[in-house]
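Asker: Fold the following.
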Amino acid sequence: MRNTGSSMRLAIVAAAALGAFLAAIPSMAGSRILGTGAVSAIEGAAGGGLSPWAVLASTASDDEIGITASATRAWLDDYRLTVKGASINLHDRLEFSIARQTLELSTLGGELEQDIYGAKARLFGDVLYHPLGIWSAGVMNKRLVDGSVPTALGAHDINGTDAYLSASKLLFNAFFGRNVLLNGTLRNTAANQGGLLGFGGDQGGRSWMAEGSLGVFVTPNWVVGTEYRQKPDNLSVAQEDDWQSLYSAYFFNKHVSVTGAWLDLGDIAGLPSQRGGYISLQAAF
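Answerer: Residues are numbered from 1 along each chain as shown. Purely as a prediction, here's the structure:
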């Protein structure tokens, strides 16, 4: 367990160091428009807080490489979630990501940890100028560090893989002269609470879930919006609800951004109405 944690910390430090190195090389610095790399979702991929989007991390263009590192914290009524992640964008075509989630069970005691390894490929399009926006497909391999709690609740597996298809489009001057960003994601998953409670159960297994995001750019640097994420309900002893959020993200420049949100995650492991705040810091090069 400790070796896995040390590997994750080493990967994040290495990504940050590599990002600093790349930033010093003009030919490898990101040249896409500010905000087009979105922020880091809680599973490590570029997107909103709750859901991956079709855009790829950082602002790297076709002939560039981009590195992103992020740290996220969410405070719910009975839980605390910490996420550390890093990703690399290869020529705005492929994105690879890694994230470690730690869910502290503040009321019940103990914690759950999960490692997520993601890959996303841009299929076609562009978020700004293509009439159909940008389309991407991705996978997330999720591995619980300790599966004793999910197994006790009836989860069939402690490891699993999500697959998804996402489309994103920026609409110019769509809302009182402001630009509007739309995203839709269709995910095939068996994950309970995103995988932190294992995969599958007595009420079901893999199924298709819909996720959607809407954001309005108040200024070129500041976007506010909402997300909705459908969830499977596989465990009869632990009802699962859909997730939703209201968020605000500010891009100081192409390299640094901060995101704050209000979360409503519903029932989690028998504890009802889990709501609270969320903050995420991201550095991209």
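
Asker: what residue is smack in the middle of this protein?
Answerer: Ala41 (1.8 Å; CA atoms, centre = their mean).

Asker: so it sits right up against Leu50, yeah?
Answerer: Yes. If you go by CB atoms under 8 Å, Ala41 and Leu50 touch, sitting 6.5 Å apart. The C-beta positions use only the backbone N, C-alpha and C, and glycine is treated the same way.

Asker: ok so, going back, what's the closest non-adjacent residue to the residue nearest to the centre of the chain?
Answerer: Distance criterion CB to CB, 6 or more residues apart in numbering; nearest residue to Ala41, sequence neighbours excluded, is Gly47 at 4.0 Å.

Asker: can you tell me which strand in this protein is longest?
Answerer: Using DSSP state E to define each element, the chain has its longest strand at strand 159-175.

Asker: Give me the mean pLDDT for the helix or strand following it.
Answerer: Using DSSP states H and E, the helix or strand that follows strand 159-175 in sequence is strand 178-189. What strand 178-189 shows for mean pLDDT is 97.

Asker: Need the contact partners of the next helix or strand after strand 178-189.
Answerer: Sequence-wise, the next helix or strand downstream of strand 178-189 (DSSP H and E) is strand 207-219. Strand 207-219 has contacts (CB atoms under 8 Å, 6 or more residues apart in numbering) with 35, 47-48, 50-51, 53, 175, 178-190, 223-232, 247, 249.

Asker: Would you indicate which residues of whichever helix or strand comes after strand 207-219 are buried?
Answerer: Next helix or strand after strand 207-219 toward the C-terminus (DSSP H and E): strand 222-229. Within strand 222-229, the residues that count as buried by 16 or more other CB atoms under 10 Å are Val223, Val224, Gly225, Thr226, Glu227, Tyr228, Arg229.

Asker: need those in JSON lines with distance to Leu90, can you?
Answerer: Converted to JSON lines, those look like this (distance: CB to CB, whole Å):
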{"residue": "Val223", "distance to Leu90": "26"}
{"residue": "Val224", "distance to Leu90": "31"}
{"residue": "Gly225", "distance to Leu90": "28"}
{"residue": "Thr226", "distance to Leu90": "31"}
{"residue": "Glu227", "distance to Leu90": "27"}
{"residue": "Tyr228", "distance to Leu90": "30"}
{"residue": "Arg229", "distance to Leu90": "27"}
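
Asker: Now tabulate those in a markdown table and tack on pLDDT and distance to Gly266.
Answerer: Putting the buried residues of strand 222-229 into a markdown table (pLDDT from 0 to 100; distance: CB to CB, whole Å) gives the following:
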| residue | pLDDT | distance to Gly266 |
| --- | --- | --- |
| Val223 | 97 | 25 |
| Val224 | 98 | 23 |
| Gly225 | 97 | 20 |
| Thr226 | 98 | 16 |
| Glu227 | 98 | 14 |
| Tyr228 | 98 | 12 |
| Arg229 | 98 | 11 |
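
Asker: if you go through this structure in chain order, where are the helices?
Answerer: 2-23, 148-153 (DSSP state H).

Asker: Ranked by average pLDDT, which of the ones you listed falls at the bottom?
Answerer: Among the helices of the chain, helix 2-23 carries the lowest mean pLDDT, a mean of 50.

Asker: rewinding a little: how about the longest strand of the chain: buried residues?
Answerer: Using 16+ other CB under 10 Å as the test for burial, strand 159-175 gives Gly160, Thr161, Asp162, Tyr164, Leu165, Ser166, Ala167, Ser168, Lys169, Leu170.

Asker: Just the angle for it relative to strand 178-189, thanks.
Answerer: Strand 159-175 runs at 160 degrees relative to strand 178-189, counting by axes from the mean of the first three to the mean of the last three CA atoms, to 10 degrees.

Asker: relative to strand 207-219, how tilted is strand 159-175?
Answerer: Using the same axes, to 10 degrees: strand 159-175 against strand 207-219 is 40 degrees.

Asker: Alright, that wraps it up for me.
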